[in-house]
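**Q** Structural data only, the sequence is not supplied:
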């Protein structure tokens, strides 16, 4: 921690700050410049609240110099983490695609979706069984029956399953059906949930909260990792800004920023990031170009009648086109996107 | 819902939109101006996703004209709601004060706090037993033992208890000890929690999320109310903006805005709203002047050694000063703040 | 400047950074902790771009420890500045009120406004002659004829004049008519204008830009002061956030923040800060309660037919009511608002 | 304009609103639904302030349905505009690259820069002679001498010149030297400047303000176009958000949004958008992938000693690498980037 004193702060104020730092257990290096005194407080206390010092008399500013997280940081682990999801690596050379409808609605809908996305290069099937909806009057998901349908459709097409968990009590219900637990943006700081999920052994897909800084996001990853689960995949899905044309502002700069701060893989969700179908393909291309390790997109056999998020879901033919385009982009930057599967049908 | 077509949108596009609206069950009123056609879609579907229409060809924009919430709205209930908390009304003429430390730490700390805040006019004792901390390495609260201490201290000084609930599983544990369930800002859209809390019969104190619009906040109140619990108190505690001097930007304009949109009482928390002790008193004054129905403030017998949020906690003498000042402000606008109690000690 | 190296940064990286700092003219104090090396760079270079160091290999973060401004800072001048405007002090015990219509429209309109606001305690008359309008098709002001009308109306009622200057070429035109030059929010970083205005000897009223941090705002004040004009009054008028119910989000916490960082007086404009007439009075009260040195409000004899900003202009009787209320609030915090004038009419 | 009345608004309130609309010159279509009355106000008044209606009693909300701009809108001109800059088209199939140092510093620096960027496929040379700096103590540019150096270097390598104009008085000075006038982000709403520049016949490069919505940005373009200059090129360069890792948040979704709303070309500036050299290349790739018509990047022969913005300037070899990568990306989406020139040296 670095403590900067006011210009001209009198000696007794400086001494009082040093004493206080000592009392909190820090060693102090003092460095008095022409104008200002700067105090370096040495000692590893990752969760010390720097505002304790900020409110003291004569203090101009305080900077925390150690990152508040450990396991999530690039300094703790230098090489990129590749999360293995039953044989599919997230964070390696391949840019993975996670696709499917917002909500699981029926056997037919999921079979059609799974067959289509698998045929065109996706390796994960997404679909919600427990839905966090901003209105209490909206469709809340099929629950466990939805999980069964999702798993079966994925298995028929050799896809991995990713689905959202909303509260600790759902973990046991979802566990047998999923390969990856998704934590939604609104739950990014649901610490009870993060702790419980950290006790499981399955990969966790952690969406960035609408107003979360990169540091807070990595801190939430730390919550999971501190419990013993290192398999965290980050997902950028847009932040809240003053601009309202798009539902959120997709922050693609977060991709290189996260790559510098952390070893964890990062996926981009252009469907939630923009909220409108016709913005999804350009932003999917941009995400891959920026260096994302994967894409999560919503695809639906009949978007106009989807029970949730239809307007941001791609039509089947748009998904094919998106895959074709990102394959070229990936190639241009030395990465790969899975080729379409030869289908015997 | 109002659908605005592009300038010069050709007739077939307009017809296609009308057909689609009919298919979704809306009656359509068409009004063709000099430049543009505007379609009014009549029919009560509070949770219809307007983006279904926004993505159609030829559509310039779509506006939802009905509020997405019902029970929380001023149009549903015209007169102000006064939430009764065992004889203390929140939302009436009296500006209530909820005070106490961030976390319950010990019997002594809570007794000292309760005695002090009660003597100077607070009617609620606050204190956390289950703490949502952004670091997994920080103090997480005393749990049920903390609740017991909190309740006992409050009872000795005739204070109401308010404490935070973080997940559905904690509701039963907390219920016997508290008078009001607090939902923290990070859980404002934890829909599982909102639903469960809506099934209880105790008042709910709903903090605004850091990046929540007023509409989303009222929608979360609706979640609680739709389950049958109408006793919701709103709490503004700062939103996230680009300015970083203060931890958050306290949005005091939300007070008159909420008063216009909703009948629910609104309390302001200047401690979290600013994050720094020396900004608390001016913003507490401003909140009362803006028309808030109450204040929630952090007070601690020894802020420098508080286990959480010490730097934003008031010293005892500052609390006395704050109460004195807001009493004058309340008086100036025709409201009241409870007088200090005569103490026999 | 403080430079924090990555955890485990190798010695050659550290040496390279030290060398570079030396080359830029800094003395370096090295302090190696258990985990990390921190370098203190000593030397006064207020405009050094810290990103030069941030991009070097092995550097985790860099903090500027000296404020980038000098004359505007509290450390340069400890006591509050009271700007004297022909006998009326801004920044002293009295909370001043600047009132009048958005635009000067006619002799009659200004005479009515001046008479009314003067009678009820305002000491400044506001009114725009050159209007910055977001649409090129909107009323752009009466120009010099407007200035003449404004000055005459003010003089008849012993009011000071404040009016906006939009470009360097207007300074000479406006100079003879005004007492205070107003710089609008959109021009807060119009550096050409700031420099020219800094060469005049009249007080400058500097509105905060919609997305300006407090530091950037004070930096713009520094631009004016560095040219030799120390008479700067700051004005908070709302910042841009994601919330859209109000036109902007009035950041009242800026009042105590500015008071701590700077000696300059700060005025609040609740008309632009909220954009809607019925939010003006509560926020005016809140501003005074928060410690503002003055208010700028729009008042119009016939808001429904105002040529600009009518919807946020107060009716005459609302202005009287606002003055009555803020007089009580000011009194509650030991300040004053001028009493209504006895009028012989 | 669409006016939505409150649920249960009494008939007299509705009548009062209709009357007022009539008085303002609108025809009114009334449509009374089950719950609410909606009024369509017909009449073309692009600059009518809708808040006049919003503040009336019984009004729930008001929506402007016509875009406030005309010449800048896609509905006014359906096909894409290609701005011709002495034979180089901006907005066509080719993705143009504008490169060079932040400030013009010397003959040698500009010659080296021009030779390098031209050799590798840039078609425009950028460089500032009048610099808007946030500190009054920073380098303010070489002025007219800088313009001469810039023009000469560009001419030797057949490059077009783009340079910033900060105030109306500079237009005549800059005119003979430049091919494109750049308006900086801080001047996006400097309406005096926009009007004057609109009277010239040279292309205008209009950067988006830090907190400008897409609508406000297009409105500023309208200011220029309304004066008779249709040659406007838009430039996204990052918006201000709560995230501070990058200097600004580059809003790449603005590319498809602008393409839908307007016919004007849009260029992206990843140097200012991120503020750090090592984020420039990934974001440049992403911008091209998202569909941008061009890139503006800062390149300097010796970034460590640049007099401004060195830390975000690319090294020469990084520029070559960026050009190589974006050429592949452009190719993947069916566009082109100029090939490196065969150089005889």
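**A** Nice, I can see it. Quick caveat: nothing in here was measured; it's all calculated off a predicted structure.

**Q** thought residue A:162 was touching residue A:178?
**A** Yes. Assessed by CB atoms under 8 Å, residue A:162 is found in contact with residue A:178 at 6.8 Å. (Each C-beta comes from the backbone N, C-alpha and C, glycine too.)

**Q** Name the residue in these two with the higher neighbour count.
**A** Shown here are residue A:162 and residue A:178; by other CB atoms under 10 Å in any protein chain shown, residue A:162 has more neighbours (25 against 22).

**Q** The more buried one: what's its closest spatial neighbour, skipping adjacent residues?
**A** Closest residue in space to residue A:162, ignoring its immediate chain neighbours: residue A:180 at 4.2 Å, by CB to CB, 6 or more residues apart in numbering or on different chains.

**Q** ok, now residue A:194?
**A** residue A:223 is the one closest to residue A:194 (CB to CB, 6+ apart), at 4.0 Å.

**Q** Is it correct that that neighbour is in contact with residue A:193?
**A** No. Checked against CB under 8 Å, the pair residue A:223 and residue A:193 is beyond contact range at 9.3 Å.

**Q** How many neighbouring residues does the closest residue to residue A:231 other than its chain neighbours have?
**A** In space, residue A:231 comes closest to residue A:203 once its chain neighbours are excluded; the distance is 3.9 Å by CB to CB, 6+ apart. When neighbours are counted by other CB under 10 Å, residue A:203 registers 24.

**Q** What residues does residue A:203 make contact with?
**A** Residue A:203 makes contact with A:83, A:85, A:90, A:179, A:180, A:181, A:231, A:232, A:233, according to CB atoms under 8 Å, 6 or more residues apart in numbering or on different chains.

**Q** Can you flag the buried ones in these?
**A** A:83, A:85, A:90, A:179, A:180, A:181, A:231, A:232, A:233 (16 or more other CB atoms under 10 Å in any protein chain shown).

**Q** Which ones among those map onto strands?
**A** Counting by DSSP state E, the part of these found in strands is A:83, A:85, A:90, A:180, A:181, A:232, A:233.

**Q** what does the stretch 101-250 of chain A put close to chain C?
**A** A:240, A:241, A:242, A:244 (CB under 8 Å from any CB of the partner chain).

**Q** Give the buried subset of the residues you listed as a PyMOL selection command.
**A** Buried residues within those, by 16+ other CB under 10 Å, are selected in PyMOL with:
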select buried, chain A and resi 240+241+242
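
**Q** Would you map the helices across the stretch 201-345 of chain A?
**A** A:214-226, A:254-261, A:270-274, A:277-290, A:316-332 (DSSP state H, counting those that start in this stretch).

**Q** what does the second one rub up against?
**A** The set of residues external to helix A:254-261 that reach it, using CB under 8 Å, 6+ apart, is A:67, A:73-74, A:208, A:214, A:218, A:234, A:236, A:264, A:266, A:268, A:287, A:290-292, D:243, D:245-246, D:278-279, D:282-283.

**Q** possible to save the helices of the stretch 201-345 of chain A as TSV with mean pLDDT?
**A** Output for those, formatted as TSV (pLDDT from 0 to 100):
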stretch	mean pLDDT
helix A:214-226	95
helix A:254-261	94
helix A:270-274	87
helix A:277-290	95
helix A:316-332	96
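
**Q** Now that we have those helices, can you turn them into a markdown table and tack on distance to residue B:323?
**A** Shown next, in a markdown table, are the helices of the stretch 201-345 of chain A (distance: least, CB to CB, whole Å):
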| stretch | distance to residue B:323 |
| --- | --- |
| helix A:214-226 | 34 |
| helix A:254-261 | 45 |
| helix A:270-274 | 46 |
| helix A:277-290 | 52 |
| helix A:316-332 | 61 |
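
**Q** Can you give me the distance of the closest residue in space to residue A:7 that isn't next to it in sequence to residue B:62?
**A** Nearest non-adjacent residue to residue A:7, counting by CB to CB, 6+ apart: residue C:75, 3.9 Å away. Per CB to CB, to the nearest Å, residue C:75 is found 53 Å from residue B:62.

**Q** Could you do residue A:139 as well?
**A** Separation of residue A:139 from residue B:62 (CB to CB): 20 Å.

**Q** Please say which of those two ends up with more neighbours.
**A** residue B:62 (20 against 16).

**Q** ok, what's across the strand from that one?
**A** residue B:3 (DSSP bridges).

**Q** you'd agree it is up against residue B:56?
**A** No. Assessed by CB under 8 Å, residue B:62 is found out of contact with residue B:56, at 9.2 Å.
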